[in-house]
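1. quick check, what structure comes out for this input:
(4 chains)
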Number of protein chains: 4
Amino acid sequence: MYRTGIIGCGNMGTLHGKLLSKNPEVRIAGVADVDPAKAREAAALFGCTAHESVDALLASGLDLVFITVPNTKHAELALRALQRGLHVFVEKPLATGLEDAQKVGDALKKAGSRLFVGYNRRFAPVYREARRIVSGAAFKPAHVNIIQNDGDMANPPWLTDITMTGGFMYDTTVHFLDMARYLLGEIVELRALGKAFFYPIPDDFVVQLRFAGGAFGAITTCGHASWISPFERVQVVGDHASVITEELDSFRYSASLGAVIEGKDFSKLAHDDKWGYAAMHGHVFDVLKNNTPCLNGFAEGLRVVELIEACHRSAAHDGEVIRL
Amino acid sequence: MYRTGIIGCGNMGTLHGKLLSKNPEVRIAGVADVDPAKAREAAALFGCTAHESVDALLASGLDLVFITVPNTKHAELALRALQRGLHVFVEKPLATGLEDAQKVGDALKKAGSRLFVGYNRRFAPVYREARRIVSGAAFKPAHVNIIQNDGDMANPPWLTDITMTGGFMYDTTVHFLDMARYLLGEIVELRALGKAFFYPIPDDFVVQLRFAGGAFGAITTCGHASWISPFERVQVVGDHASVITEELDSFRYSASLGAVIEGKDFSKLAHDDKWGYAAMHGHVFDVLKNNTPCLNGFAEGLRVVELIEACHRSAAHDGEVIRL
Amino acid sequence: MYRTGIIGCGNMGTLHGKLLSKNPEVRIAGVADVDPAKAREAAALFGCTAHESVDALLASGLDLVFITVPNTKHAELALRALQRGLHVFVEKPLATGLEDAQKVGDALKKAGSRLFVGYNRRFAPVYREARRIVSGAAFKPAHVNIIQNDGDMANPPWLTDITMTGGFMYDTTVHFLDMARYLLGEIVELRALGKAFFYPIPDDFVVQLRFAGGAFGAITTCGHASWISPFERVQVVGDHASVITEELDSFRYSASLGAVIEGKDFSKLAHDDKWGYAAMHGHVFDVLKNNTPCLNGFAEGLRVVELIEACHRSAAHDGEVIRL
Amino acid sequence: MYRTGIIGCGNMGTLHGKLLSKNPEVRIAGVADVDPAKAREAAALFGCTAHESVDALLASGLDLVFITVPNTKHAELALRALQRGLHVFVEKPLATGLEDAQKVGDALKKAGSRLFVGYNRRFAPVYREARRIVSGAAFKPAHVNIIQNDGDMANPPWLTDITMTGGFMYDTTVHFLDMARYLLGEIVELRALGKAFFYPIPDDFVVQLRFAGGAFGAITTCGHASWISPFERVQVVGDHASVITEELDSFRYSASLGAVIEGKDFSKLAHDDKWGYAAMHGHVFDVLKNNTPCLNGFAEGLRVVELIEACHRSAAHDGEVIRL
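-> Prediction:
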């Protein structure tokens, strides 16, 4: 039985709390939020204690804590939890800067506990299927074209508050820099063009990637696309083979020149299945119980922070090519 | 009545010849081909003379000649036609090298005649519609994501014969380097990653673009995608507005955050309408009759040669950034 | 200012209540529900009184009442509201039997007030668009093919409780018997095959229609399709013209043999706009204020009751042809 | 080695001839056509004799003859071939009247040879896949909704010449009356509404079906839909399971309430594979060599003639219900 706490009782905290409360191996022991009313509401929902402070929650005898607060607070809270030896699940991104990310890494080593980053898409069936194919011996990925757009960065309004999110990439593109690595392996070089087109902060990036295995990639991503599907789309091309995904709904695969195109449509799955949250929770508790390797750990969290910092640097220097 | 000749009696020569033969202002006067049998077959089809040589055809008193031969012969034949003062329609690309392209330009100035490049997609309804929206004052394009893939460069086999095509980009991507300009304006910087993955010649490129107006672009293009739609796809994102096209069939447009998505489906149009060939012919003869500006002239031909040469250079130099 | 009451505080009562509470011309005066806790919850949400009985609510000085209770109670409650001279909005169906429907009609005449049936799809943009085209002089509808399926009649469980719903057609197909008339005009003959395949009550019907104008129709409708789109689909074919809708999302129109197919995609509209609820409320209060004809009144309610009764009779008599 | 003749050298004769000429077990021995020029052209293409008459062809020592002439001539020519003891492949329909069909049956019994009807869709991968699922024990089909439309019966013009085609159903709907049986088993009752809306002959039918196993069906089919996909669409609903096909391209299957929707896209297959012609030829020669049961024999041909005659009778009698 994992005594579990939740820091941050907004949408993501509630989503994770609901999954935790269905898990027979978990007891939600307590919650905390900067807004005490939200903490009380969540505590009522989950039948647990609403702590007045994060410290009180962390000191209440937990095994594991979920950190579901604004991005820029992730690292600091992870640090405090690790300093108490707790296991940590932190929503993406791991941190919004390299130094912070490394501090978390140092604390993690000392703590000897486990840390998980909320890369739910790694566990979503559409991307699991893509990875299964693309990482197969026959596929030989040559390039990937990734689109990830948001319709309107003003909605919700805090999306443009860089002091909360760390910027558009930390909030949104973080998923697909991770996805690029998940599908095609390590990124060893990138170049980003980026600019503030329609908001006070950069809202549009075009990134060129080079992977360790020799493949190429392009990501176009912005926060001003209006509402039109697909918001996310991945096309990986291999040796006379292609995988195309749209949203978390649709997977299509052409295996060879003569092939029938196989499709899978996940659009009618339950939300937590389609989005990978349920499988991600399954993975977290598997890893904790069996002390096995994890798919969304510190290394995956750190690398994406490095990639976003590199994108920011490249974009700020007129498209400097960055080797990583 | 334009006395018109056709050099090259393969698929493209036949396609143009059929359109010409329906045009009441045109008389197909003669054809030529390196293969005399093909020339005779075309001559029978169009009710004209099969000349034994290009020179004989060019000397036969033409107003206009269509050049529909392998890419690497375009410039030389255009040159010879211009030296006789003829109007020239040359299939894309204009040339497969800068020097050749410039020689054509010089000859064109001397001739005082008109030259057209076979950028049919500029006249295809799906791209006309896209341009109409994207170039409107409200749209404000910020970036474009372009996919153009071929399923199999071995089919037909001459696609991999660089002495005929000038390479994959000269044969295939030529259309979408032109399309990028047609939709978003001049390209002022590019960087290309490119490699020979599955063929003896480079078969895969990922190109990053910067436009004069400040917009960004990404093109992923390869010759080994297998058979899966879309082979061509364009997504332009503006100020809370998006245009998405797939193949020459589908146009979708979200005009603003609250908007219904408008669609147009051209899939059931006649081939020559959907692919823009009929409208391109209309434009050619309009320009010739009224001496008006042309949408697919020498400047458009030259610029794409410059862009492809820059892509080749960038790819050969490990992704050097090229300012144009 | 319309003093408005709501009888039935489940999902539909809440949906309508939320729309009413945004309407500056409406004051939600009170609610009632057989479950007092639900009534109190709704009253808290809408800032109004939770009445202990329907009678208490109806006696509280209302102008208008919304009836959002199980189908088999619609007529009785409408009757009681009309007997007090109130305007009535009743969710579909108007009644679950002919006698009941006629009693409502009699009471309505006496009351001199207005009655509206909750045919939201008449106001949904996808079907408004379809009607606009199909009812145009050029279209000349010849037949319609309608699909309306539910994935699982056991979910929610009361869907199979005939004492609450009146049967599958009264709960589900009611919309598309109305839609058939809305698009192609009066139905003058029908024949239904129907059976209980996988549930204790009839769960599957195939209906053949003849319209007054000479057109034909087919409806296939069931409660056991599993989860796969489209759940609703309408294809109307006219004089070398077709309209196809899928879900409340997609409208496509081919106007003639040479035509580009025009599309409209409503998938990203706000729920109450896409489903027609907001426009239906607009219509209700327009009609009340200006005493104008109404699109979803008693006549539309009655006719669909007649049609469903005819379908039930036809199906029970082995596919007897019913003239109406 | 099957010495094979072809009667009728139009599109279908050429299509079959090309497949035959690729088959190492076949020698195309001769062709005949009412238009001697067409016969000569085909003979040149296939390297065989152009006979001056059908009789000459039939007398030339054949094993097998393909009959690819206008529908109303099918039976008579099949009869003559059978009277000489030949195997017969006849394009659909088997005949355009019951008496003719039965004469063919009598002759077939006497001949002791084999007869095949050109129901290519039975061999198309999209419908094979549909049948595999629908006929499985778990599926339990309850109803089918079939759409089969033609855009324009005036194109080609002979489509409206009832003396050549036998009517719209014999030319077009013949496929989907067969498909209904292929997927759901025997049809035991039908009712058809039908009319001449926009052409001098009936051009629109809505048919209601009852199958021996208890399932229901609806077919809507017309010759004036204009050009819009899908022209053919089949949706079979079973026990919380559905199969949906569109064109010969797309197959989708939901196996149960919790299921991912599986898809197969055949759109990029070679024409003869996608349309089932290649597999149908394979089946024909398998049956001939191994004397095994056949999927598209006389019984299948006869039954669809009976069904079309019943549809015509029902439509002519104002929707009389016909038990078969």
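
2. contact residues of the stretch 1-150 of chain A facing chain B?
-> Residues of the stretch 1-150 of chain A found near chain B (Cβ under 8 Å from any Cβ of the partner chain) are A:K140, A:A142, A:H143, A:V144, A:N145, A:I147, A:N149. C-betas here are computed from N, CA, C, even on glycine.

3. switch the cut-off to 10 Å
-> For the stretch 1-150 of chain A, the residues in contact with chain B (Cβ under 10 Å from any Cβ of the partner chain) are A:K140, A:P141, A:A142, A:H143, A:V144, A:N145, A:I146, A:I147, A:N149.

4. now these in a markdown table, with distance to chain D, pLDDT and secondary structure?
-> Putting the residues of the stretch 1-150 of chain A next to chain B into a markdown table (distance: Cβ to the nearest Cβ, whole Å; pLDDT from 0 to 100; DSSP: H, G, I helix; E, B strand; the rest coil) gives the following:
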| residue | distance to chain D | pLDDT | secondary structure |
| --- | --- | --- | --- |
| A:K140 | 20 | 98 | coil |
| A:P141 | 21 | 98 | coil |
| A:A142 | 20 | 98 | coil |
| A:H143 | 21 | 98 | strand |
| A:V144 | 21 | 98 | strand |
| A:N145 | 20 | 98 | strand |
| A:I146 | 22 | 98 | strand |
| A:I147 | 21 | 98 | strand |
| A:N149 | 25 | 98 | strand |
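
5. neighbours of A:H271, how many?
-> A count of neighbours around A:H271, defined by other Cβ atoms under 10 Å in any protein chain shown, yields 10.

6. please read the previous query as pertaining to A:A42.
-> Here the number of neighbours of A:A42 (other Cβ under 10 Å) works out to 23.

7. for chain B, see how far away it is.
-> Distance, A:A42 to chain B, using Cβ to the nearest Cβ, to the nearest Å: 31 Å.

8. for the closest residue to that residue other than its chain neighbours, give its distance to chain C.
-> Closest residue to A:A42 apart from its sequence neighbours, by Cβ to Cβ, 6 or more residues apart in numbering or on different chains: A:C9 at 3.9 Å. Separation of A:C9 from chain C (Cβ to the nearest Cβ): 21 Å.

9. pLDDT score for whichever residue of the stretch 51-200 of chain A sits closest to chain D?
-> Nearest residue of the stretch 51-200 of chain A to chain D: A:P125, at 7.0 Å (Cβ to the nearest Cβ). At A:P125, the predicted lDDT confidence score is 98.

10. and for it, the neighbour number?
-> 19.

11. what are the buried residues along stretch A:259-275?
-> Buried residues in stretch A:259-275, counted by 16 or more other Cβ atoms under 10 Å in any protein chain shown: A:259-269, A:272-275.

12. restrict these to contacts with chain C.
-> Of the residues in the buried residues of stretch A:259-275, proximity to chain C by Cβ under 10 Å from any Cβ holds for A:D265, A:S267, A:K268, A:L269.

13. mind listing what the last one touches?
-> With Cβ atoms under 10 Å, 6 or more residues apart in numbering or on different chains as the criterion, the residues that contact A:L269 are A:A124, A:P125, A:V126, A:L248, A:D249, A:W275, A:A278, C:W227, D:G258, D:A259, D:V260, D:I261.

14. helices - which of those land there?
-> A:P125, A:V126, A:A278 (DSSP state H).

15. and the first one, what does it touch?
-> This means A:P125. Contact partners of A:P125, counting by Cβ under 10 Å, 6+ apart, are A:L248, A:D249, A:F251, A:K264, A:F266, A:L269, A:D273, A:K274, A:W275, A:G276, A:A279, D:V260.

16. please redo it, this time with the cut-off set to 8 Å
-> A:F251, A:K264, A:F266, A:L269, A:D273, A:K274, A:G276, A:A279, D:V260 (Cβ atoms under 8 Å, 6 or more residues apart in numbering or on different chains).

17. swap in the second one?
-> The neighbourhood of A:V126, defined by Cβ under 8 Å, 6+ apart, consists of A:T245, A:E247, A:L248, A:D249, A:S250, A:F251, A:K264, A:F266, A:K274.
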